[in-house]
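[1] I would like to see how this sequence folds:
(4 chains)
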Number of protein chains: 2
Amino acid sequence: MGLEEDLKQSKFANEHQKAMVNILFTSNWISNRNAAYFKKFNISPEQFNVLRILRGSNPKPMRLADIAERMIEKNSNCTRLVEKLRQKGMVDRQLCEANRRQVDISITSRGLKLLAEIDKDVDHWLTIQKSITKAEAEELNRILDKLRQ
Amino acid sequence: MGLEEDLKQSKFANEHQKAMVNILFTSNWISNRNAAYFKKFNISPEQFNVLRILRGSNPKPMRLADIAERMIEKNSNCTRLVEKLRQKGMVDRQLCEANRRQVDISITSRGLKLLAEIDKDVDHWLTIQKSITKAEAEELNRILDKLRQ
DNA sequence: GTATTACATTTGTATAAACAATAATAGTAT
DNA sequence: ATACTATTATTGTTTATACAAATGTAATAC
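    Numbers count the residues shown, from 1 in each chain, chains lettered A, B, ... in the order given. As a prediction, the model looks like this:
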């Protein structure tokens, strides 16, 4: 189903405007699906993203600011998001003694276990892989990167 | 600047996962730019979107449900968003006598004037048009539509 | 050493999103 | 007519976003 049907709209001013709306709409579409999927693990999509970021650095901990600049939603409040993950036992907070302004965050074994469980559940991730080819994904990445120049 | 630099990340599991993150990140990037741009007009991006939807139907009014299914963010609360626009004098609410469950919403002359002003301000819209070609916009639209199949 | 500036994180707050529940009206079956 | 169901919109509530302000620490200038 094309964007015109999804938004019950027949016309766009031009391809560029349509592309902009299409990116926003598709992003919302993905977000909603992800949120529904992650609900059973009791985490939000961006919380999942932060866990993946921390796993990438593991066992080296990360500062809040380093996490924040890797997050998809740059405006979201890293302190509070990480605190939510800590309350769930997914991450560990440790005041950095070398520089007492910063806090070291690292993923716990429980957090790693959750990620492993989600990684195994390929059905969810397959949805996008089945719909577009690798070449199309590459082309998509190229155009999106170019758009933000 | 590519996604890896934007997110300070060196590797993605595969092109499909990168594409998913790229869509979400680019959508946020656009949203933030739009929000900053529309701030001087004292409206939000989705409020602007609804005004455009109402202009498309003008002079025929629209029901709330019809507006809602054309909105980009399907979860957002149409009643409250339209009420915000009404408070700003951009739209008109009229109880439908033929079916007293529904409410007819139409854009006011003030709303049309605002849209005309924004339309004239091409500098903002040119940003995306300068970065990618028409052919790339078409390809982007094709791939995104295919992805949501 | 004190003041100033920069840095890293936390806290506060207004607004919006997500989702469920309610209310009001209209249509349908018996 | 009455009960039942569907439709349309509103309201309520919890959580998250956006952004500004404040806190605490470190580095630098004088």
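
[2] name the helix or strand of chain A that has the lowest mean pLDDT.
    helix A:122-131 (a mean of 75; mean pLDDT, DSSP states H and E).

[3] anything in that helix near chain B?
    Yes. Helix A:122-131 reaches chain B (Cβ under 8 Å from any Cβ of the partner chain) through A:125, A:128-129, A:131. Yep, even glycine has a C-beta here, placed from its N, CA and C like the rest.

[4] and the longest helix for chain A?
    helix A:15-38 (DSSP state H).

[5] so which bits of the following helix or strand past that one are buried?
    The first helix or strand that comes after helix A:15-38 along the chain, using DSSP states H and E, is helix A:45-57. For helix A:45-57, burial by neighbour count (16 or more other Cβ atoms under 10 Å in any protein chain shown) applies to A:45-54.

[6] what does stretch A:6-14 give?
    A:6-7, A:9, A:12.

[7] these also near chain B: which ones?
    With Cβ under 8 Å from any Cβ as the criterion, those include A:6-7, A:9 near chain B.

[8] where does pLDDT dip in chain A?
    A:1, A:10, A:122 (pLDDT under 70).

[9] for it, which residues are neighbours of DNA strand C?
    A:31-32, A:35-36, A:39, A:63-65, A:68, A:77-80, A:82, A:93, A:99, A:101-103 (Cβ under 7 Å from any atom of the strand).

[10] near chain B, from those residues?
    Counting by Cβ under 8 Å from any Cβ, A:31-32 from the residues of chain A next to DNA strand C sit close to chain B.

[11] what about the residue at minimal distance from the centre of chain A, distance to A:S27?
    Nearest to the mean C-alpha position of chain A, by Cα atoms, centre = their mean, lies A:N49 at 4.2 Å. Separation of A:N49 from A:S27 (Cβ to Cβ, to the nearest Å) stands at 14 Å.

[12] please apply the same query to A:Q102.
    32 Å.

[13] these two: who's more crowded?
    A:S27 (24 against 14; other Cβ atoms under 10 Å in any protein chain shown).
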